[in-house]
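**Q** give me the fold of what follows.
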Amino acid sequence: MIQQPQPEITEPETGLIAEKSFMNSSSHVFRLIRVTRLRLTDKRVFGHVGQSWQLQLKYILFVMEEAITQFNGDRSDTASRISSENTAVPDGGRGRAAWKNGQCVLAVSTSSTLYPSFDLSLCRTLLEKEDFQIPVEDFETPLGIALDPPSVRRYLFFNSSLFHFILAPVLYVVLWCATYSSLHRYLAGGTMDFWALCLCVSLVSIFITTAIILILHYNNKEINVNTDVRLVQVNERLARHRLLLGVADWVQQCSGKMQLFCVFWDLSPCLQALTETLEESGFVRDEIENKLKKRMSHLLVVSDVTTSEEADDGLLAEEPDEERPLLVDARERSTSLRQREEAKLTKKYSLIPDCTLSYQAIAYQLLLTYSAVYVRLLVSERLPASSHRPLGTDRNHCTTASLCLCQYVQYKVLH
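**A** Here you go, the predicted structure:
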């Protein structure tokens, strides 16, 4: 005969079967105890037993009944828990569905304040715990290219809120000394003139210092080419996983706090809303192009391009042997090759979208361009107030902020 294959029983199912069998046996014991307690009242069965022994036996049976009742309750809770775990949705799917636009998924601080750097492998590990399976080529590789260069790390420190916090008193002292040294020669020598001069110098220094700090603070609310624009390529990859990145910092208890933030964001509703806005104003396409050039003309990416010497090498190889020099100094040849390798050109790339593209492509490029600065302002609670919301944009796809990403882009570019 052909034996039918027996179904495999997994470990949770085996535990559940054991729980059910034990509960059935305990229920039989429970019924036996209750029958025995009832029989104790029958004098025909336990008439020869003394009254004191009957009382003790009743007490023992009562304790056993209570213990089995409590044990059955605990076992039933365990069984229900196991069955619920077997039928429940996996944690990953339930956790991913629970996220909403604008919620911070991860925040990792820098290992050093003076030389900011982030542990990217730790970031990806923590994201995996939140059920965001992101490959290395979509997270660590582009993020390392964007934030790991020494020049970028130095810029992060000199543009941080901690450096501005230290700069304010130093700038005040330098301005005070410079102003006083320039004006004290005109002092007539009286005491009142001296104190009046010190007061005037202090007021001028305070005014100039405050103006400079306010300008720096205002510039931090705008898109930064050295940090935010460098994260555009990273956000382009992470947008497929419904994540956006941004670097934010602030001063807390006289110490700087710089963090890399990963925010959950589904670009689909914002992309649709911004595309519809561009389509509605499609009859004035030239006006849209003029606004983009006016608001985004300063967003330029400069990259180094090495000069190609392959054509020259090919011409040199085609020379006849009679015209090629017999003796060539190896040192001169290596020097010329090194100079060719070091010869570089800089090329500028504009972030202004090509207006010949479709409205959806333009909207997608605008959302990615302003994604990093939006995350930075979102987590630091420095987004514009809802009163700055463009007219006709009542839909807010982020419940935790005054403006969603598409509304912020309209405010900064199309408003």
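**Q** quick one: the strands in this protein, in order.
**A** Residue ranges of the strands in the chain, as given by DSSP state E, are 104-109, 243-252, 255-264, 300-306, 344-350.
**Q** out of those strands, nearest to E128?
**A** Ranking the strands of the chain by distance to E128, with CB to CB as the measure, places strand 104-109 first at 10.6 Å. C-betas here are computed from N, CA, C, even on glycine.
**Q** partners of the closest one in the sheet?
**A** strand 255-264 (antiparallel) (DSSP bridges).
**Q** now the angle between strand 243-252 and the partner strand, please.
**A** If you take axes from the mean of the first three to the mean of the last three CA atoms, to 10 degrees, strand 255-264 sits at 160 degrees to strand 243-252.
**Q** what residues sit buried inside strand 255-264?
**A** G256, K257, M258, Q259, L260, F261, C262, V263, F264 (16 or more other CB atoms under 10 Å).
**Q** closest to D304 out of these?
**A** Using CB to CB, these come closest to D304 at L260, 25.9 Å.
**Q** from R285, how far off is the closest one?
**A** Per CB to CB, to the nearest Å, L260 is found 38 Å from R285.
**Q** output the buried residues of strand 255-264 as TSV; include the columns distance to I215 and pLDDT.
**A** Formatted as TSV, these follow (distance: CB to CB, whole Å; pLDDT from 0 to 100):
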residue	distance to I215	pLDDT
G256	20	76
K257	23	82
M258	21	89
Q259	24	92
L260	26	93
F261	25	94
C262	30	94
V263	28	94
F264	34	94
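**Q** which residues touch the closest residue to A168 other than its chain neighbours?
**A** Distance criterion CB to CB, 6 or more residues apart in numbering; nearest residue to A168, sequence neighbours excluded, is I213 at 5.5 Å. Going by CB atoms under 8 Å, 6 or more residues apart in numbering, I213 touches H164, L167, A168.
**Q** may I see the PyMOL selection of the buried members of those residues?
**A** The buried residues among these can be selected in PyMOL (16+ other CB under 10 Å) with this line:
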select buried, resi 164
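**Q** who are the neighbours in contact with F264?
**A** F264 touches W99, K100, N101, G102, Q103, C104, V105, R242, L243, counting by CB under 8 Å, 6+ apart.
**Q** one step back: show me which of the contacts of I213 is closest to Y370.
**A** Looking across these and measuring by CB to CB, the closest to Y370 is H164, at 23.2 Å.
**Q** hang on, the closest one packs against N219?
**A** No. Under the criterion of CB atoms under 8 Å, H164 is not in contact with N219, lying 10.4 Å apart.
**Q** the stretch 251-400 of the chain: helices as residue ranges?
**A** Listed in chain order, the helices of the stretch 251-400 of the chain (DSSP state H, counting those that start in this stretch) span 267-280, 285-296, 310-317, 330-342, 359-369, 371-379.
**Q** pLDDT weak spots in the stretch 251-400 of the chain?
**A** For the stretch 251-400 of the chain, the stretches with pLDDT under 70 are 282-283, 305-344, 386-395.
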